[in-house]
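# Would you be able to build a 3D model of this:
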Amino acid sequence: MAVRHHLIRVGPGAVWDVLADGHRYAEWVVGTSESHPVRGHWPRKDAAIRYEIRLGPVRLTNETTVRYCEDGTRLELEAHAGPLGTARIAIELRPWGEHCLVIVDEHPLRGAGGRLHNIGFEALIQLRHRAMLARLARLCEDEARRPGSARRPLGQVTAGPGTGGARHA
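Down below sits the predicted model:
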């Protein structure tokens with residue numbers, strides 16, 4: 001099993017916001033492009049997204065399905081990789097002070113990936129996870145630095161500057 005962790009310098013809620021947006025999957029998952037939800041409400045159980053993998057002029061379309069979701073803390077996915085089979089990818093978010101410790105655990109489930117799984121394959125998954133978690137961290141941390149990125153629940157009433165009254169967010 002390929003297990004890797006990474007400390008992201010934002011709170012778990014900010015990381016979850018990125019994971020919970022099916023349109024953003026390709027921004028942080030290495031090797032994918034043009035992701036979009038195709039079934040259900042991502043990241044709810046049984047929801048799916050479709051994405052492309054580009055290998056030079058070749059474009060492969062694959063799908064990832066949510067198998068388990070614990071809002072804000074855990075997302076378990078089954079990634080379909082065509083003839084290579086499927087893999088289970090579990091992503092766990094843990095508060096670490098004011099930051100988020102992200103733990104990714106991936107292993108093949110079905111198909112050629114499971115039959116061919118060995119220490120070399122495991123090393124490739126570790127390299128991919130290192131790059132994937134670095135992308136996720138960069139994305140989350142860059143967003144946190146943008147002006148106006150403070151999170152607050154939708155519909156929360158706030159006092160407007162100099163208005164003396166309330167307004168809706």
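# so where is this structure shaky, pLDDT-wise?
Within the chain, the stretches with pLDDT under 70 are 1, 112-118, 120-121, 148-169.
# In it, where's the longest helix?
Of all segments of type helix in the chain, defined using DSSP state H, the longest is helix 119-145.
# tell me which strands and helices that one is in contact with?
Packing partners of helix 119-145 (3 or more CB pairs under 8 Å, 6 or more residues apart in numbering; DSSP states H and E): strand 2-8, helix 12-19, helix 25-28, strand 99-110. (Each C-beta comes from the backbone N, C-alpha and C, glycine too.)
# Any buried residues in that helix, and which?
Residues of helix 119-145 classed as buried by neighbour count (16 or more other CB atoms under 10 Å): 125, 128-129, 132-133, 136-137, 139-140, 144.
# need the residues you listed in CSV with distance to Glu70, can you?
Listed next are these as CSV, based on distance: CB to CB, whole Å:
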residue, distance to Glu70
Ile125, 23
Arg128, 24
His129, 21
Met132, 20
Leu133, 19
Leu136, 18
Ala137, 21
Leu139, 22
Cys140, 19
Ala144, 23
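# For Asp21, state which of those is nearest.
For those, the residue nearest Asp21 by CB to CB is Leu139; the value is 10.6 Å.
# Now do the contacts for the residue nearest the centre of the chain.
Taking CA atoms, centre = their mean, the centroid of the chain lies closest to Leu19, which sits 3.7 Å from it. In this structure, Leu19 makes contact with 43, 75, 91, 93, judged by CB atoms under 8 Å, 6 or more residues apart in numbering.
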